[in-house]
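>>> Provided below for reference: sequence and predicted model.
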Amino acid sequence: MKHRDAHTEGPDLAALAALLADGTRATFCLALLDGRAWTATELARHAGVAASTATEHLNRLVAGGLLAEERQGRHRYVRLADLETAGLIENLASLAPRRPAPPSTLPAVNRSRALARARTCYDHLAGALGVAITESMTRRGLLDWEHGPALTGDGTAWLAELGIALPPATRRPAVRSCLDWTERRPHLAGAVGAALCAHAFDSGWITRIGTGRAVAPTAVGRQALREHLGLSDEFGTPSS
């Protein structure tokens, strides 16, 4: 019986898996899902490691193609390489086993709850808020799932009423489903998800909590969610 050569030409999945097999590197990638560029010092502080350790891990992630770097003067910034990488990290997080929660301080518990309630996933909304928006759009016939998620004619008209212009067609799908790692249900990604998230920020519907990925609806946002999607303050469908 002929055995396959372990070094047969083709995708090196093991090399990619090795990049994320380290806890510090995985922590960096999850933090960068906020869609912003971070410095090595910021990521080192976030992960609780020395700056030199952070630099070593970041060099590996850049060399492996998961991160891209930008330099401004003496400062080096890193971000996730592209949208596909962001989707990969979020999908892996949704499949990863949950670790037992260590004893936490009240601020840490509050941060965790805020992330689960509403956050950004690269350039679209996630958490309970992102899932609630997606499910409400589905109930209202703005999204159709018969052949995978797709924006309906009513959905296009709804976006136009909000003043959200669909971006020109690119390789990026207009609508994509992203499995939420806290809710374990899909939230809306793709160009439409990104445009809706940008509109929420620009219109003052949501605001960031601190410097992380967590966001919270404002008073204006809660009213808009009720008016345009029929969502209650806790992201449920109000009873009639």
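Sure, I can see it.
>>> and the strands in this structure?
Along the chain, the segments classed as strands by DSSP state E run 38-39, 67-72, 75-80, 119-121, 124-126, 143-144, 150-151, 176-179, 186-189, 206-208, 215-217.
>>> let's have these in CSV, adding mean pLDDT and distance to residue 87.
Every C-beta, even on glycine, is put in place using the N, C-alpha and C of the backbone. Formatted as CSV, these follow (pLDDT from 0 to 100; distance: least, CB to CB, whole Å):
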stretch, mean pLDDT, distance to residue 87
strand 38-39, 90, 19
strand 67-72, 89, 15
strand 75-80, 89, 10
strand 119-121, 89, 9
strand 124-126, 91, 10
strand 143-144, 95, 18
strand 150-151, 92, 18
strand 176-179, 85, 6
strand 186-189, 90, 7
strand 206-208, 94, 21
strand 215-217, 93, 19
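>>> so of these, which one's packed in deepest?
Sort these by mean neighbour count, taking mean count of other CB atoms under 10 Å, and strand 124-126 sits at the top with a mean of 29.
>>> list the contacts of that one.
For strand 124-126, contacts defined as CB atoms under 8 Å, 6 or more residues apart in numbering pick out 90, 118-120, 130, 133, 178, 180, 182, 187-190, 193-194, 196-197, 200, 206, 215.
>>> what does stretch 194-208 give?
Against stretch 194-208 from outside (CB under 8 Å, 6+ apart): 118, 120, 123-125, 129, 133, 159, 162-167, 188, 214-218, 220-221, 224-225.
>>> among those, which lie within helices?
129, 133, 159, 162, 220, 221, 224, 225 (DSSP state H).
>>> quick check, residue 70 in contact with residue 62.
No: distance between residue 70 and residue 62: 10.8 Å, which falls outside the contact criterion (CB atoms under 8 Å).
>>> overlap of the contact sets of the two?
Common neighbours of residue 70 and residue 62 (CB under 8 Å, 6+ apart) are residue 78.
>>> for the protein, just list every one of the helices.
Listed in chain order, the helices of the chain (DSSP H) span 13-20, 23-31, 40-47, 51-63, 83-95, 106-117, 127-139, 153-162, 190-202, 219-229.
>>> any low-confidence regions in this structure?
Scanning the chain for pLDDT under 70 picks out 1-8, 98-109, 236, 238-240.
>>> dump the strands of the chain into CSV; add distance to residue 51 as well.
Output for the strands of the chain, formatted as CSV (distance: least, CB to CB, whole Å):
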stretch, distance to residue 51
strand 38-39, 10
strand 67-72, 16
strand 75-80, 12
strand 119-121, 26
strand 124-126, 30
strand 143-144, 45
strand 150-151, 45
strand 176-179, 32
strand 186-189, 33
strand 206-208, 25
strand 215-217, 29
